[in-house]
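Asks: Structure, please.
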Amino acid sequence: MNTQIRHGRSRAGRNTCGDFVCMVCHNFVSAEAALSGVQHRNHCPYCLSSRHLDLFKAGDRLSACKASMRPVALSLKKTCKKYAGENQGEVMLVHLCAGCGKISINRIAADDDSENLRGILEASYCLDNGLKSLIAIAGIAIITRGDHHLLQFQLFGYD
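Replies: Model (predicted):
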């Protein structure tokens with residue numbers, strides 16, 4: 001009997017619940033919204049890598065690429081909340097697809113590794129100008145060294 005079928009996994013490493021095995025670090029990832037706080041889990045909470053699954057909008061799973069996406073920076077998704085401060089917004093991961101070069105943003109999840117998030121932020125300070133330009137062309141403003149306190153506040157509630 002095929003072990004992938006016996007364990008309820010499709011050939012793409014996914015089962016009907018949306019759980020998956022990370023293509024980068026190979027850890028099992030639960031897509032349970034009660035654990036992650038997001039409805040359409042598409043990145044690993046351990047290494048924060050993703051897979052190019054969505055084409056038009058989060059959760060559509062229409063992309064033909066299916067390559068791995070590495071986290072390269074963090075951004076703030078500006079919200080239209082009436083009482084939100086000037087620099088407040090949801091922290092988003094900026095991913096770069098290894099297959100087609102697409103840049104996308106994904107909301108962080110409640111169970112994402114906070115030390116890896118900090119590491120991505122610090123690594124983003126050294127991004128080459130070509131990648132910075134691609135990110136800017138995609139309309140994404142990354143968190144800069146001067147905005148480091150925003151991540152601290154969003155993740156831990158203090159500067």
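
Asks: low-scoring stretches of this structure, by residue?
Replies: Along the chain, segments meeting pLDDT under 70 span 1-17, 78-88, 158-159.

Asks: What ranges does it have for its strands?
Replies: 20-21, 28-29, 50-51, 68-78, 89-97, 103-107 (DSSP state E).

Asks: quick one: which of those strands is nearest Gln39?
Replies: strand 103-107 (9.7 Å; C-beta to C-beta). Every residue, glycine included, has its C-beta placed from N, CA and C.

Asks: And the contacts of the closest one?
Replies: The contact list for strand 103-107, computed with C-beta atoms under 8 Å, 6 or more residues apart in numbering, reads 38, 42-43, 50, 52, 54, 58, 69, 75, 77, 90-97, 134-135, 138, 140.

Asks: Quick check on those residues: which are buried?
Replies: 38, 42-43, 50, 52, 54, 69, 75, 91-97, 134-135, 140 (16 or more other C-beta atoms under 10 Å).

Asks: Quick check: Ser68 touching Ala98?
Replies: Yes - counting by C-beta atoms under 8 Å, Ala98 is a contact partner of Ser68 at 5.0 Å.

Asks: Mind jotting down where the helices sit in the chain?
Replies: Taking DSSP state H as the criterion, the chain carries its helices at 3-6, 33-36, 114-124, 129-137, 148-156.

Asks: okay if I get the ones you listed as a markdown table plus distance to Gly18?
Replies: Listed next are the helices of the chain as a markdown table, based on distance: least, C-beta to C-beta, whole Å:
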| stretch | distance to Gly18 |
| --- | --- |
| helix 3-6 | 16 |
| helix 33-36 | 9 |
| helix 114-124 | 21 |
| helix 129-137 | 28 |
| helix 148-156 | 24 |
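
Asks: Distance of His148 relative to Cys25?
Replies: 26 Å (C-beta to C-beta, to the nearest Å).

Asks: which one of the two has more residues nearby?
Replies: His148 (15 against 12; other C-beta atoms under 10 Å).

Asks: mind listing what the nearest residue to that one once chain neighbours are set aside touches?
Replies: Nearest residue to His148 in three dimensions, chain neighbours excluded: Leu121, at 6.8 Å (C-beta to C-beta, 6 or more residues apart in numbering). With contact taken as C-beta under 8 Å, 6+ apart, Leu121 is in contact with 73-74, 143, 148, 151.
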